[in-house]
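> sequence plus the predicted model coming up.
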Amino acid sequence: MLDSRPSSKTSQYFIMTLSAIVLVGIIMVYSSSYMYAKEKFGTSLHYVLRQLLFLIFSVGICFVIAKSKFRFWYKYSYYLNMVASGFVALTFIPGLGPVVKGANRWIKLGPFSLQPGEFVKYTILLSSLYYFENFSRIDQKQKIKHGLSLLIPLALLVLQPDFGTFSICFGVMAFACFLSSFPRKWFYSLAGAGLVSGGFILVSQPYRVRRLLAFLDPWKNAQGSGFQVIQSWIGFANGGFFGKGPGNSIEKLFYLPEAHNDFIFSVIGEELGFIGVFLIICLFLAMIYFGFKMAMEAQSRISYLIITSLVFAVGLQSLLNMGVVLGLLPTKGLNLPFISYGGSSLMANFFAIGLILSSTKRVNIDTNQGHEMNKPSSEFRDRMRFQGVRKEVHIN
């Protein structure tokens with residue numbers, strides 16, 4: 001029968017940490033955007049009010065997903081991923097998908113825009129988990145069909161182009177493959193082929209090469225491809241140890257492009273200083289720690305795989321964004337989860353949180369079916385410890 005006991009302490013800490021990150025995000029979206037919003041829309045509250053609206057809707061999505069059965073999303077992940085890929089394809093339709101800065105990444109929906117690529121990061125992750133975990137039990141036709149469904153969204157992301165989201169998708173697919181029961185000898189071959197393909201895609205477009213060169217020497221083209229990262233460095237330098245104080249950033253005053261979006265971490269560095277940056281990093285590390293701890297307390301192997309992979313995906317994007325803003329990685333279009341402005345990102349990330357919370361719930365134990373995914377947590381952890389995680393899972 002279903003265990004209705006209250007949430008564990010770990011999940012409570014996870015939610016508390018996430019809430020703190022979201023609160024910081026709302027404050028910093030307002031702080032980093034109010035001058036730009038005042039100049040462009042005549043009201044300094046434009047972006048923060050929209051972000052609050054997105055947040056309410058996103059929390060609603062999270063609540064619904066958390067109350068649902070995670071096995072449903074896992075079992076039908078193939079179709080979910082194809083639907084998300086279909087929405088990505090809609091961005092190429094003239095009139096429906098506006099071209100912004102040379103990219104087809106959005107679908108125009110009246111006063112709002114939807115970026116389907118944000119959702120693909122998680123649908124492709126779930127679909128990858130199902131595919132690689134059940135690879136040895138599906139027939140050849142299903143292997144080809146499901147494999148192509150994973151490649152289609154990647155190809156669409158390259159065509160948009162959206163190399164940042166492509167990189168996240170590639171990273172989470174590789175992680176899902178490594179974590180699953182997929183044969184290791186094939187994993188390393190696929191990983192090598194994927195890295196070569198990714199490298200080729202990286203250098204296939206001149207603007208990507210310019211970004212790579214700007215990363216190596218941003219001062220060589222300080223007014224062009226190196227402008228963003230240089231302005232970001234100036235913001236961190238201005239902040240010093242204690243920061244200039246909330247609302248006192250200079251870089252957000254039309255110096256730093258995308259101050260309320262991709263480079264909001266730089267505004268945090270300027271206004272809150274090293275201490276603020278350190279605290280934000282600690283919050284993300286704490287959320288990742290509690291997320292992985294929930295995975296180890298999972299009641300089934302599938303819930304373990306889902307929680308671990310989703311937490312990894314959020315952590316990976318956070319790491320990449322911080323690396324870009326600090327000039328440690330080449331510039332790419334990635335926002336900081338739960339902090340940067342953006343409705344699509346917020347909704348997609350809360351969809352992932354809902355799945356994580358759904359996966360922490362106890363599952364029905366059906367002795368007639370003998371599912372691996374319904375074994376008690378203590379037995380599962382013992383099997384993890386002594387026999388590894390490469391166990392087969394029988395799915396109806």
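Perfect, I can see it now. Numbers count the residues shown, from 1 in each chain.

> pretty sure residue 288 is touching residue 311, no?
Yes: under the criterion of Cβ atoms under 8 Å, residue 288 makes contact with residue 311 at 5.8 Å. In short, each C-beta sits where N, CA and C put it, glycine included.

> quick one, which of these two is more surrounded?
More neighbours surround residue 311 than the other of residue 288 and residue 311, with 23 against 19 (other Cβ atoms under 10 Å).

> tell me who's in contact with that one.
Residues in contact with residue 311 (Cβ atoms under 8 Å, 6 or more residues apart in numbering) are 287-288, 291-292, 295, 356.

> leaving out chain neighbours, which residue sits closest to residue 126?
Nearest residue to residue 126, sequence neighbours excluded (Cβ to Cβ, 6 or more residues apart in numbering): residue 77, at 3.7 Å.

> now for the one you found: which residues touch it?
123, 126-127, 129-130.

> for the stretch 251-396 of the chain, what spans make up the strands?
Counting by DSSP state E, counting those that start in this stretch, the stretch 251-396 of the chain has no strands to list.

> so, low pLDDT: which residues of it?
362-396 (pLDDT under 70).

> before we move on, the earlier item: need the pLDDT of the residue nearest to residue 126.
The model reports residue 77 with a pLDDT of 92.

> for residue 354, see how far away it is.
Distance of residue 77 to residue 354, given as Cβ to Cβ, to the nearest Å: 15 Å.

> who's in contact with the closest residue in space to residue 37 that isn't next to it in sequence?
Leaving aside its sequence neighbours, residue 37 sits nearest to residue 46 (Cβ to Cβ, 6+ apart; 4.0 Å). Contacts for residue 46 (Cβ under 8 Å, 6+ apart) come out as 33, 37, 40.

> model confidence at residue 46, what's the number?
Note for residue 46: predicted pLDDT of 92.

> cool, and residue 5?
40.

> neighbours of the closest residue to residue 107 other than its chain neighbours, how many?
Spatial nearest neighbour of residue 107, chain neighbours left out: residue 114 (4.6 Å); criterion: Cβ to Cβ, 6+ apart. When neighbours are defined as other Cβ under 10 Å, residue 114 has 19 of them.

> wait, doesn't residue 114 sit right on residue 344?
Yes: under the criterion of Cβ under 8 Å, residue 114 makes contact with residue 344 at 5.6 Å.

> next step: the contacts of residue 46 restricted to helices.
Among those, the members found in helices (DSSP state H) are 33, 37, 40.

> tell me how far the second one lies from residue 48.
Think residue 37. From residue 37 across to residue 48, the span is 8 Å (Cβ to Cβ).

> again, but for the last one
Using Cβ to Cβ, we find residue 40 at a distance of 14 Å from residue 48.

> so for these two, which sits in the more crowded spot?
It is residue 48, of residue 40 and residue 48, that has more neighbours when counted by other Cβ under 10 Å, with 21 against 11.

> do I have it right that the more buried one meets residue 32?
No: here residue 48 does not reach residue 32: they are 9.7 Å apart, not a contact under Cβ under 8 Å.

> the helix or strand where residue 189 lies: how far from the chain's middle?
Taking DSSP states H and E as the criterion, residue 189 maps to helix 184-203. Here the centre of helix 184-203 is set off from its chain's centre by 21 Å, with Cα atoms, centre = their mean, to the nearest Å.

> what sits up against that helix?
By Cβ under 8 Å, 6+ apart, the residues outside helix 184-203 that reach it are 158, 163, 166-167, 170, 174, 177-178, 208-209, 212.

> out of those, what pair is the most spread apart?
Across those, no pair lies farther apart than 178 and 209, at 29.6 Å, counting by Cβ to Cβ.

> follow-up on the earlier one: which of the contacts of helix 184-203 fall in helices?
Here DSSP H is the test, and the contacts of helix 184-203 give 158, 163, 166-167, 170, 174, 177-178, 208-209, 212 as lying in helices.

> what is the nearest of the residues you listed to residue 71?
Nearest to residue 71 among these, with distances taken as Cβ to Cβ, is residue 177, at 20.7 Å.

> run through the residues that contact that closest one.
Counting by Cβ under 8 Å, 6+ apart, residue 177 makes contact with 128, 132, 187, 190-191.

> residue 13 in helix, strand or coil?
Look at residue 13: counting by DSSP: H, G, I helix; E, B strand; the rest coil, its state is helix.

> look at it and report its pLDDT.
Residue 13 carries a pLDDT value of 94.

> tell me, how many residues neighbour it?
The burial count for residue 13: 16, using other Cβ under 10 Å.

> and what of residue 222?
Neighbourhood size, residue 222 [other Cβ under 10 Å]: 14.

> residue 149: which element?
Assigned by DSSP H and E, residue 149 belongs to helix 140-159.

> show me what that helix is packed against.
If contacts are counted by 3 or more Cβ pairs under 8 Å, 6 or more residues apart in numbering; DSSP states H and E, helix 140-159 sits against helix 77-90, helix 117-133, helix 163-179.

> how about CSV for those, with distance to residue 261 added?
Shown next, in CSV, are these (distance: least, Cβ to Cβ, whole Å):
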stretch, distance to residue 261
helix 77-90, 20
helix 117-133, 13
helix 163-179, 12
